[in-house]
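# what's the 3D shape of this:
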Amino acid sequence: MKRLSLLTFIAGMTFLHAGPKAPEGFKPLFNEKDLTGWWGLGTEDPAKWQALPADKLAAKKKKSLADINKHWSVEGNELVNDGHGLYLTTDKDYKDFVLLLEYKTVAKADSGIYLRAVPQVQIWDSTKEGGKWKHGADKGSGGLWNNKKGSPGKDPLVLADKPFGEWNSMKIQMVGDIVTVHLNDKLVVDKAPLQNYFNKGGPLPAAGPIQLQTHGGAIRWRNIFIKEL
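Here you go, the predicted structure:
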């Protein structure tokens, strides 16, 4: 019995450190161990920093890690941000993809997901107490908030946010400049073009990183997977 218990314990420990199991066709963006594969970036025009010489871009990425390590941490299978600092940014650039993730937000937090480094799929505190109903928070999360007012996708089709303390699941598909978003299995953006925040009326970058933006309050992320199309 003792031998069996020891083997069972070892097998359990192996499972705990096996890393995330991605759905078929997807790859994990977060290894559930550390911040490997990520660097730090704010709201910056990708046309500018992507044009840097390789050595200067490498230096920019390296310098950002001090800020990332200050404000981002790993707790079990979760990425945790304290509500401050640069946004977690993938080392790799992506063109067309399906992105899956889960997040848990808190009161007053105002966050989002940048696609090809362009803002953003919005994440709100959608309660009245959050103080941002005048900006559209009453309509809920998942919309392409930086699109021009009245344009397709800016406001989510339905309010799909879960209460604080619960995990929200998000599925984002991007093909060309067309974005579709499901929040908690509800369609909130239906094949709407993401507009270029930095170059109004201009094309989106052909490829770019995915950024997890967090400010105004701590937010947690987990089960982050991508499938390139």
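# got a list of what G201 touches?
For G201, no residue meets the contact criterion (Cβ atoms under 8 Å, 6 or more residues apart in numbering). Quick note: C-beta positions are derived from backbone N, CA and C, even for glycine.
# in the protein, which helix or strand is least confident?
Within the chain, confidence by mean pLDDT, DSSP states H and E is lowest for helix 2-16 among all helices and strands, at a mean of 48.
# gap between the helix or strand just after that helix and the chain center?
Once helix 2-16 ends, the next helix or strand along the chain (criterion: DSSP states H and E) is strand 27-28. Here the centre of strand 27-28 is set off from its chain's centre by 14 Å, with Cα atoms, centre = their mean, to the nearest Å.
# what is strand 27-28 packed up against?
With contacts taken as 3 or more Cβ pairs under 8 Å, 6 or more residues apart in numbering; DSSP states H and E, strand 27-28 sits against strand 219-228.
# what mean pLDDT would you report for the strand it packs on?
Strand 219-228 shows a mean pLDDT of 97.
# put the alpha carbons of it into CSV.
C-alpha atoms of strand 219-228 as CSV (Å, rounded to 0.1, in the frame of the first residue of the first chain):
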residue,chain,number,x,y,z
ILE,A,219,-7.3,41.1,-13.1
ARG,A,220,-6.5,37.4,-13.6
TRP,A,221,-6.1,35.5,-16.8
ARG,A,222,-5.9,31.8,-17.6
ASN,A,223,-6.4,29.2,-20.3
ILE,A,224,-4.9,31.4,-23.0
PHE,A,225,-4.7,29.5,-26.3
ILE,A,226,-4.3,30.5,-30.0
LYS,A,227,-4.8,28.8,-33.3
GLU,A,228,-3.3,30.5,-36.3
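# and for that strand, what's in contact with it?
Residues from elsewhere that reach strand 219-228 (Cβ under 8 Å, 6+ apart): 20, 22-23, 25-30, 75, 77-81, 83, 94-106, 109, 111, 123, 167, 169, 210, 212.
# filter the residues you listed down to the buried ones.
The neighbour count (16 or more other Cβ atoms under 10 Å) marks 20, 22, 26, 28-30, 78-81, 83, 94, 97-101, 103-105, 109, 111, 123, 169, 210, 212 as buried among those.
# so after the helix ranked longest in the chain, what's the next helix or strand?
Using DSSP state H, we find that the single longest helix of the chain is helix 54-71. Once helix 54-71 ends, the next helix or strand along the chain (criterion: DSSP H and E) is strand 72-75.
# list the buried ones in that following strand?
Buried residues in strand 72-75, defined by neighbour count with 16+ other Cβ under 10 Å: W72.
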